[in-house]
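K.L.:
this one's structure only:
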């Protein structure tokens with residue numbers, strides 16, 4: 001049976017999720033594309049040689065439970081979980097004092113609580129795999145909080161940044177909780193990626209396929225690979241394990 005990978009947020013052909021699915025498919029994984037709009041995930045899955053699609057909304061427990069049931073019934077295990085889906089980024093907000101708390105709540109639901117719940121539901125299937133990998137797609141924005149990174153504002157995109165900071169924390173907590181298993185848990189900053197050409201502000205961003213290579217690296221780590229870290233292009237950025245959060249490389 002081929003290895004299986006489930007990737008959230010795979011509804012756009014130019015998106016990071018689909019680029020990750022393409023690269024894993026090329027490595028002979030059966031990739032399970034998920035999106036709130038099933039027809040969009042199905043359309044993209046049809047473009048890959050070994051793929052399927054299921055509806056999954058990270059704010060809807062019923063769809064997450066159904067997705068877990070599908071994986072259990074169809075494959076009996078899950079080798080890779082990529083928590084890629086993310087809420088709309090509040091780019092125009094530059095301070096926590098101006099944050100829309102409804103946007104913060106939505107970001108936490110989609111970027112933190114949803115992946116946490118989904119991981120719990122899929123954990124028996126991840127444990128059934130010989131050496132599963134969990135990859136949480138993070139953002140450089142989170143480093144504004146954890147390391148004081150200056151992005152030219154008091155707190156640029158506060159809802160997004162706070163949620164990704166919380167996701168990094170969750171990554172470390174899960175890695176610690178799973179330290180006695182073969183499962184490795186890491187976060188990946190994909191870098192500036194051109195996934196929304198309609199915005200017209202991505203002239204310096206790189207193609208999604210290039211950014212996806214770092215995600216796939218974390219998804220296919222060897223047994224002695226790292227866990228509980230934040231990485232960019234396979235290079236360590238920050239240790240996320242509880243009590244050790246510090247830069248792994250000079251900022």
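P.N.:
Nice, thanks for sending it over. What you see is a predicted model, and the numbers here were worked out from it, not measured in a lab.

K.L.:
in stretch 204-216, what counts as buried?
P.N.:
205, 208, 211-212, 214-216 (16 or more other C-beta atoms under 10 Å). Bear in mind the C-beta positions are built from the backbone N, C-alpha and C, glycine included.

K.L.:
got those as a markdown table, with distance to residue 44, pLDDT and secondary structure columns?
P.N.:
What follows is the buried residues of stretch 204-216, written out as a markdown table (distance: C-beta to C-beta, whole Å; pLDDT from 0 to 100; DSSP: H, G, I helix; E, B strand; the rest coil):
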| residue | distance to residue 44 | pLDDT | secondary structure |
| --- | --- | --- | --- |
| 205 | 21 | 81 | coil |
| 208 | 12 | 89 | helix |
| 211 | 17 | 96 | helix |
| 212 | 14 | 97 | helix |
| 214 | 21 | 97 | helix |
| 215 | 16 | 98 | helix |
| 216 | 17 | 98 | helix |
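
K.L.:
now do the strands in the stretch 151-251 of the chain.
P.N.:
Secondary structure of the stretch 151-251 of the chain by DSSP state E, counting those that start in this stretch: the strands cover 184-188, 193-194, 206-207, 229-232, 235-239, 246-247.

K.L.:
deepest-packed of these, please.
P.N.:
Across those, the average number of neighbours (mean count of other C-beta atoms under 10 Å) peaks for strand 184-188, which reaches a mean of 28.

K.L.:
ok so, going back, which one of the strands of the stretch 151-251 of the chain lies nearest to residue 70?
P.N.:
strand 184-188 (22.6 Å; C-beta to C-beta).

K.L.:
okay, the angle between the closest one and strand 235-239?
P.N.:
100 degrees (axes from the mean of the first three to the mean of the last three C-alpha atoms, to 10 degrees).

K.L.:
which strands and helices lie in contact with strand 184-188?
P.N.:
Strand 184-188 is packed against strand 133-137, helix 158-177, helix 208-219, strand 229-232, with contacts defined by 3 or more C-beta pairs under 8 Å, 6 or more residues apart in numbering; DSSP states H and E.

K.L.:
pipe those into TSV and attach distance to residue 98 per row.
P.N.:
Below are the helices and strands packed on strand 184-188 laid out as TSV (distance: least, C-beta to C-beta, whole Å):
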stretch	distance to residue 98
strand 133-137	26
helix 158-177	8
helix 208-219	29
strand 229-232	27
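
K.L.:
what's the neighbour count on residue 234?
P.N.:
Residues near residue 234, counting by other C-beta atoms under 10 Å, number 13.

K.L.:
find me the pLDDT at it, would you?
P.N.:
pLDDT, residue 234: 96.

K.L.:
is it true that it touches residue 217?
P.N.:
Yes: applying C-beta atoms under 8 Å as the test, residue 234 and residue 217 come out as touching, 4.4 Å apart.

K.L.:
circling back: need the strands of the stretch 151-251 of the chain in a markdown table (columns: distance to residue 56).
P.N.:
Converted to a markdown table, the strands of the stretch 151-251 of the chain look like this (distance: least, C-beta to C-beta, whole Å):
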| stretch | distance to residue 56 |
| --- | --- |
| strand 184-188 | 20 |
| strand 193-194 | 22 |
| strand 206-207 | 25 |
| strand 229-232 | 24 |
| strand 235-239 | 28 |
| strand 246-247 | 34 |
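
K.L.:
and these, which one's lowest on average pLDDT?
P.N.:
strand 246-247 (a mean of 58).

K.L.:
may I have the phi/psi pair for the residue sitting furthest away from the middle of the chain?
P.N.:
Computed with C-alpha atoms, centre = their mean, the maximum C-alpha offset from the centroid of the chain is found at residue 97, amounting to 27.4 Å. Per-residue torsions, residue 97: phi -70, psi -20 (degrees, to the nearest 10).
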